[in-house]
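1. Based on what follows, work out the 3D shape:
(one chain, ligands or ions: 1)
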Amino acid sequence: MRTLTFEEVKKHNSDDDLWIVIDSKVFDLSNFADLHPGGPNVLYAEGVAGRDATDAFFGLHRHEVLLRPQYARLQIGVIEGGVENIRAPAPGSLSRVPYAEPSWLSEGFLSPYYSNNHRAFQRTVRKFFEEVVRPEAIKCEENGKRISQEVVDRMSDVEIIAMRLGPGKHLQGRTLMGGIVKPEEFDYFHELILNTELSRFGTRGFVDGMLNGAVIGLPPIWNYGSPELQARIIPQVLSGKKYLALAITEAFAGSDVSGLQTTAVRVGDHWIITGTKKWITNGTFADYFTTGCKTDKGLTVILIERGEGVSTKPIKTAYSSTAGTAYVVFDKVRVPVSNTLGEIGNGLSVILSNFNHERWMVTGCSVGAQRVIVEECLKWANQRIVFGKPLSSQAVIRNKLGKMIMRIEACQNWLEIVTHQMNNMTYNEMSSKMAGQIGLLKQFVSRCGRETAEDATQIFGGRALTVTGMGKLVENYHRTSGYDAILAGAEDVLGDLGVRQAMKKMPKDALL
Ligand code: HEM
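-> Below you'll find the model as predicted:
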């Protein structure tokens, strides 16, 4: 890198000889100008060609543009005595923007829930996600392909797939995140950290494509599967060698699970299963399907392996096909009766007992994504100059920011107290005491998320409508935050569940 003066840079301001300074770095854009996505003219403008164009640049581009190898190589030198002010945060680092991190991660704030081990775990997880998962998330969200085996293997090396299923004996003997947390210490706050961290990249389709099928489809196997089934399936799935999907919803029935039409007829030691499933996350690439079926004894959950009679096709949704959302057809599939999960006819309780964890998990991911949007808006309102002043000088914008902050802090705090209860309850206690509250929490978080998506879109204006550029995270969030309101139970149904559960527990003598 050469050291150059502004005097020298100034001389290079013509069509075929164009230098520009951005944040003390000198770029030779002579050959790039005609390829510039914003067109060449803006680069030849007065005050830009041969000048320090830092403010103009950061008003129009995300900092990451300069880090892309094809653009980074345009740098030919640095300005003499200049200081680079705008640096990419080091992988794993915490943001210093107010409210960009939950208060337990903000300097000078305390929390009753998190230990030093949680803090160390969070740092390691963020670094891992930023270094290993983020590049893959961005690529897959764009091209719609499923997560690569290479990244799945890296995740399973540090046991992310196993940890995403929560605390429990499945973690015994595993080295979690390089040994930073012992299996017996791993609790729901560690898992909450995983969920909030993995949803920070503005890649909502990928969040589901990151083997969410296993997170929601495996618990019925270890809670209700035969020992043989468990011994065969669980290690394959936790090591990322085989993929699993939960196949409950149909075009015929969603929240009204009892209306399922996929039918299993018993013939000797086998089930013959016929029917369809819709909106099945990871279904396009799943090897196994934890499937809700109708039998003559009632709803029953059965593990179906991909094979003869099983076909899947992708469903086009508003988010990326990297999630592997599928329409699944079972055409007279023969499945051993030993693949039944739980008692025949007891499928509803198998499905329902699984829901609490799933809904709480979706809520954690939703909160992680929402917080990033708050950070995006605070930064943009501070840096965008409009009518000669920062956007944040407009009272209407500050009002929106205030509401966003209130919402994210309320979501976070409620989620943490719920997580604390989960840490101190048995699985059965959780089902009886927390189902209603988790339903209400999920409704609250997804509503807040959509209000924040709307406000963020107003703050970013047109930039929030394009999938690349300054507002790309807001665009993704605005397009996909509705998923949190539907997946794992429609928002209104869950809110209603919360009230119905409360009504059930009303003391008989509670009269005014
Ligand atoms: C190293 C120098 C530069 C590089 C590598 C670069 C690269 C890019 C890229 C990749 C985009 C597409 C949008 C995005 O992905 O963010 C873009 C858009 C644009 N650039 Fe640049 N740019 C540079 C310098 C500048 C400068 C100095 C100006 C003007 C003062 C400028 C003005 C624009 C404009 C007006 C757009 C369109 C923005 C939009 O669609 O919202 N660029 N540039």
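
2. How about the stretch 301-450 of the chain: which residue is closest to the ligand?
-> In the stretch 301-450 of the chain, the residue that lies nearest the ligand is R384 (11.9 Å; CB to the nearest ligand atom). (C-beta placed from N, C-alpha, C; glycine too.)

3. wait, what's in contact with that residue?
-> Residues counted as contacts of R384 (CB atoms under 8 Å, 6 or more residues apart in numbering) are G59, P390, L391.

4. now swap in E197 and tell me
-> Contact partners of E197, counting by CB under 8 Å, 6+ apart, are Q122, V125, R126, F129, G368.

5. same thing with A485?
-> Taking CB under 8 Å, 6+ apart, one finds Q443, S446, R447, G449, R450, E491 in contact with A485.

6. Name the nearest residue to the first one, ignoring sequence neighbours.
-> Distances taken as CB to CB, 6 or more residues apart in numbering put G495 closest to Q443, at 4.0 Å, once the chain neighbours are dropped.

7. Give me the contact list for the helix or strand containing the one you found.
-> For G495, the element it lies in under DSSP states H and E is helix 491-504. Contacting residues not belonging to helix 491-504 are listed as 255, 359, 435-437, 439-440, 442-443, 446-447, 485, 489 [CB under 8 Å, 6+ apart].

8. mind listing which of the residues you listed are in strands?
-> Of these, none are assigned to strands by DSSP state E.

9. hmm, back to that, from the contacts of E197, which is closest to the ligand?
-> Looking across the contacts of E197 and measuring by CB to the nearest ligand atom, the closest to the ligand is F129, at 22.4 Å.

10. Next, the contact list for the closest one, please.
-> By CB under 8 Å, 6+ apart, the neighbours of F129 are E197, L198, R200, F201.

11. Please report which of these has the highest neighbour count.
-> L198 (27 neighbours; other CB atoms under 10 Å).

12. I'd say that residue and G364 touch.
-> No. In this structure, L198 is not within contact of G364 by CB atoms under 8 Å, at 9.2 Å.

13. Of the contacts of R384, which belong to helices?
-> Among those, the residues falling in helices (DSSP state H) are G59.

14. Buried members of the contacts of R384 into ChimeraX, please.
-> In ChimeraX, a selection of the buried entries from the contacts of R384 looks like this (16 or more other CB atoms under 10 Å):
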select :391
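
15. could you redo the contacts of R384 as a markdown table and give each row pLDDT?
-> As requested, the contacts of R384 are exported to a markdown table (pLDDT from 0 to 100):
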| residue | pLDDT |
| --- | --- |
| G59 | 90 |
| P390 | 94 |
| L391 | 96 |
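
16. Return the member of the contacts of R384 nearest to V350.
-> Of all these, L391 has the smallest distance to V350: 51.1 Å, by CB to CB.

17. What sits closest to the residue of the chain found nearest the ligand if chain neighbours are left out?
-> Among the residues of the chain, G38 lies closest to the ligand, at 2.3 Å counting by CB to the nearest ligand atom. Counting by CB to CB, 6+ apart, the nearest residue to G38 once its immediate chain neighbours are dropped is L60, at 6.8 Å.

18. what about that neighbour, neighbour count?
-> 14.

19. how far away is it from I385?
-> In this view, L60 and I385 are 12 Å apart by CB to CB, to the nearest Å.

20. go on, W279?
-> With distances taken as CB to CB, W279 is found 44 Å from I385.

21. just A88 next, same as before
-> With CB to CB as the criterion, A88 and I385 are 23 Å apart.

22. Could you do K10 as well?
-> 25 Å.

23. swap in V158?
-> The gap separating V158 from I385 is 43 Å, by CB to CB.

24. for G209, same thing?
-> Taking CB to CB as the measure, G209 falls 38 Å from I385.

25. out of the two, which sits in the more crowded spot?
-> Between G209 and I385, counted using other CB under 10 Å, G209 has the larger neighbour count: 29 against 11.

26. which residues does the more buried one contact?
-> Neighbour list for G209: C140, R146, I147, N282, S320, T322, A323, G324 [criterion: CB under 8 Å, 6+ apart].

27. pretty sure E130 is in contact with A88, am I right?
-> No. E130 is not in contact with A88 according to CB under 8 Å; the separation is 10.3 Å.
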